[in-house]
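In: here's my sequence, what's the structure:
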Amino acid sequence: MTEVDLPVHAKAVPLATPEITDTPARIPKNPDNDTDKDHEKGDANNGVLYNMEPGEKTPREETLNEPKPNKDKTTRLDEPDSRVADEGDGMSVFTYVMVKDFRFYYSHPYSRLIIAYSIIILNFLILAEDPVTHSRKEAEIPVVGHAISLVLTRYPPEPGYAFMKVLGWILAIIIGMLLGKFVFHQLFFGSLLRLKMFRDSQGSWMIMFLSTLALLFLFAVTYSALMVWWSAGRLEEYSLNGQISISNEWFMKFAGCGTWLGDFVTAWMVTDMMLQDKENYPSWARLPRRYWKGWTRIILFWFVAITASIIVICVITTDVISWDTFNMGYVYTNELSRAYLAGFILVMDLLIVMQDWEFPHFMGSLDIKLPGVNTNSFYIPIPTCCKNVDLSVHITGKWFNYGVIFIVMILDMNMWKNQIFYDPFTFGQYVGPSGRVYTVTNTTQLSEFNETQLTYDYRSSTINPFTGFPYIQEDSFVNAHFADFSWPVKLTAVLPVIIGFGTFGCLVWFYGRFAVNDPQTARMRKVRKERMKRFGNTFKMRKGVGGRRGENGTKLRGSVEEHSNDNASQPGVAKPGTELTAVT
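Out: Numbers count the residues shown, from 1 in each chain. From the prediction side, this is the model:
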């Protein structure tokens, strides 16, 4: 690692000095007092002997009697003369100062706010431009649709098969939760990969949700195959697939409302967390931070959330504001630009997580309260019949936020999939001469007409015998276009998502895993500010595998005395009172 050389005024007295050597040096006795054995006392904790005068205190006693720093004082990480330990960094033993590198600006509050609130705008844009939101065909969602069909819809009329279906999804939920908790979370992510973000029980509910969803999908496919086989094809219409028994139009409206709520909660939580925190970026938003506490933040959240949600839900579900009427065709998109837009939304969802001040280990000790409430976590005890069994649901604020982001990412990923694999006929639509997308609104025609009858030429020239007008008079159109790009061109929209998820995985793999003698570092990258004077010599300290070195490159050795029981238990941390000796 590179040596850090700070100016004199920017250095601070260390709260603990680094360990120098494993061999403690013996302090020589005073020749004038060599025969006075009664005043010689030993320190059993570090093996160092001191020659004491009557009434004189040992360095350990003097250290323990020193006044402790005021812990109520707010840590100022950007002040060079700050000598208050960073309370939020539970494992920190030095005073730190933020380094204004890429991470400093990348995780700056303004950067995080731009990303969080831009996602809301872009989600509204993709929802307005997506022609699937106007489709009257039944919505089909892989995996999630299978799970919904297994639990809620498509029950066969025969009791035996209906009972087998109920038994199947109950077993899928139980087995999925057990596999998620003990196999994937504890064994795979915890013991095998040693990921810090999944330590103890952190993130277990999200892993259990994923494993349960996968088991429901497998049970749905297995149940459908067995039912069709045992019934000799008689109950094939009740086989389970990704269809969820509602049209794409209504599903996209529900998804738009859910995405809005998720994006709003995420953006507000990012804002709320940064305004509550007083340690990082202390010069940012000083006035709002001063008043952002108590009932102010709670009332403001619920007022904005309820008011904005009512307006947004009414606009989405009732089509009071038509995007095509407002846009007037001046700006339009095709399936490739919409695929790129949906892909960038997915990447920005990941950026919200990667911009977190505790990413990728999430091991900070910030006491940040959830938005709209005065608690930092949800704790729900579960009653049991066994006295020795303690079951409870505990969701921290951090994982509550990421759980919401994860649900939003599933909806965004479904929209991204629709743009890449978009085919007009699949969604009951066709393309006009100018490339605009037309939607067939008659559901009977959608089920009876073939692909030839769902074309612009046929519907513009064929008269409907029931109305006496061409079929195209019943259809609606949007300004969104379909250019029929080739598959190699469409697959280029996958590259941003691959890069985003690849970067996320690499950062977690290299910086978010436990290792042997792994120091549990602080939230942000910081540099140590040290100033230590012993015997009139000032040493520049730098962190290295082979110990500490002085200005001339010589290795430093010395004897160490105990400072406190807490610091004594930490390897690689020394205490004040260290005598340093240059060794070649």
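
In: tell me the pLDDT at residue 8?
Out: Model confidence at residue 8, given as pLDDT, is 37.

In: try residue 269
Out: 89.

In: so it makes contact with residue 369?
Out: No. If you go by Cβ atoms under 8 Å, residue 269 and residue 369 don't touch, sitting 10.2 Å apart. Bear in mind the C-beta positions are built from the backbone N, C-alpha and C, glycine included.

In: quick one: residues contacting residue 444.
Out: Applying Cβ atoms under 8 Å, 6 or more residues apart in numbering to residue 444 gives no contacts.

In: where's it, which helix or strand?
Out: If you go by DSSP states H and E, residue 444 is part of helix 443-448.

In: downstream of that helix, the next helix or strand is which one?
Out: Note on helix 443-448: by DSSP H and E, the next helix or strand toward the C-terminus is helix 456-461.

In: and the next helix or strand past that next one?
Out: strand 476-481.

In: shaky segments in the stretch 451-584 of the chain?
Out: Scanning the stretch 451-584 of the chain for pLDDT under 70 picks out 516-584.

In: one more: the chain?
Out: Low-confidence segments of the chain, defined by pLDDT under 70: 1-98, 364-367, 384, 386-391, 516-584.

In: just the buried positions in the longest helix along it, please.
Out: Looking across the chain with DSSP state H, the single longest helix is helix 248-276. Using 16 or more other Cβ atoms under 10 Å as the test for burial, helix 248-276 gives 248-249, 251-253, 255-257, 259-276.

In: which strands or helices does it pack on?
Out: Secondary-structure packing of helix 248-276 (3 or more Cβ pairs under 8 Å, 6 or more residues apart in numbering; DSSP states H and E): helix 109-129, strand 138-140, helix 286-291, helix 295-318, helix 397-420.

In: can I get those in JSON lines with mean neighbour count?
Out: Formatted as JSON lines, those follow (neighbours: other Cβ atoms under 10 Å):
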{"stretch": "helix 109-129", "mean neighbour count": "18"}
{"stretch": "strand 138-140", "mean neighbour count": "19"}
{"stretch": "helix 286-291", "mean neighbour count": "11"}
{"stretch": "helix 295-318", "mean neighbour count": "14"}
{"stretch": "helix 397-420", "mean neighbour count": "20"}
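
In: so for residue 429, which of these sits nearest?
Out: Closest of the helices and strands packed on helix 248-276 to residue 429 is helix 397-420, at 12.0 Å (criterion: Cβ to Cβ).

In: what's the angle between that closest one and helix 109-129?
Out: Between helix 397-420 and helix 109-129, the angle comes out at 40 degrees (axes from the mean of the first three to the mean of the last three Cα atoms, to 10 degrees).

In: partner strands of the following helix or strand past helix 397-420, with direction?
Out: Using DSSP H and E, the helix or strand that follows helix 397-420 towards the C-terminus is strand 429-431. Strand pairing for strand 429-431, determined by DSSP bridges: strand 436-439 (antiparallel).

In: list of residues touching the strand it pairs with?
Out: Residues from elsewhere that reach strand 436-439 (Cβ under 8 Å, 6+ apart): 131, 134-136, 332, 424, 428-432, 456, 459, 472, 475-482.

In: if we go to 7 Å?
Out: Contact partners of strand 436-439, identified using Cβ atoms under 7 Å, 6 or more residues apart in numbering, comprise 131, 134-136, 424, 428-432, 456, 475-482.

In: so which bits of it are buried?
Out: Neighbour counts over strand 436-439 (16+ other Cβ under 10 Å) mark 436, 437, 438, 439 as buried.

In: dig out what the second one forms beta bridges with.
Out: Residue 437 forms beta bridges with residue 431, residue 478, as assigned by DSSP bridges.

In: how near is it to residue 140?
Out: Computed as Cβ to Cβ, to the nearest Å, the residue 437 to residue 140 distance reads 18 Å.

In: what do you get for the third one?
Out: The span separating residue 438 from residue 140 equals 21 Å under the rule Cβ to Cβ.

In: for residue 251, list the residues it contacts.
Out: Listed by Cβ under 7 Å, 6+ apart, the contact set of residue 251 reads 139, 244.

In: my bad, should have said residue 352
Out: Counted by Cβ under 7 Å, 6+ apart, residue 352 has contacts 115, 116, 266, 270, 405.

In: please apply the same query to residue 142.
Out: Residues in contact with residue 142 (Cβ under 7 Å, 6+ apart) are residue 242.

In: try it again with 10 Å
Out: For residue 142, the contacting residues are 217, 241, 242, 414, 417, by Cβ atoms under 10 Å, 6 or more residues apart in numbering.

In: just give the number of residues close to the residue lying closest to residue 442 once chain neighbours are set aside.
Out: Leaving aside its chain neighbours, residue 442 sits nearest to residue 474 (5.8 Å; criterion: Cβ to Cβ, 6 or more residues apart in numbering). When neighbours are defined as other Cβ atoms under 10 Å, residue 474 has 14 of them.

In: same question for residue 164.
Out: Neighbour tally, residue 164, other Cβ under 10 Å: 15.

In: over to residue 221?
Out: Per other Cβ under 10 Å, the neighbour tally for residue 221 reads 15.

In: correct me, but it touches residue 145?
Out: No. Here residue 221 lies out of contact with residue 145, judged by Cβ atoms under 10 Å, at a distance of 11.8 Å.

In: overlap in contacts, the two.
Out: Common neighbours of residue 221 and residue 145 are listed as 240, 241 (criterion: Cβ under 10 Å, 6+ apart).

In: and residue 362, backbone torsions?
Out: Backbone torsions of residue 362, given as degrees, to the nearest 10, read phi 50, psi 50.

In: from residue 333, how far out is the nearest residue to it once chain neighbours are set aside?
Out: Nearest residue to residue 362, sequence neighbours excluded (Cβ to Cβ, 6+ apart): residue 197, at 4.8 Å. According to Cβ to Cβ, residue 197 stands 36 Å off from residue 333.

In: can you check residue 220 too?
Out: Here the criterion is Cβ to Cβ. By it, residue 220 lies 34 Å from residue 333.

In: neighbour count: the two, which is higher?
Out: Per other Cβ under 10 Å, whichever of residue 220 and residue 333 has more neighbours is residue 220, with 27 against 21.

In: so who does that one touch?
Out: By Cβ under 10 Å, 6+ apart, the residues touching residue 220 are 143, 145-151, 154, 165, 168-169, 172, 239-242.

In: and these, which of them are in helices?
Out: Per DSSP H, the subset of the contacts of residue 220 in helices is 145, 146, 147, 148, 149, 150, 151, 165, 168, 169, 172.
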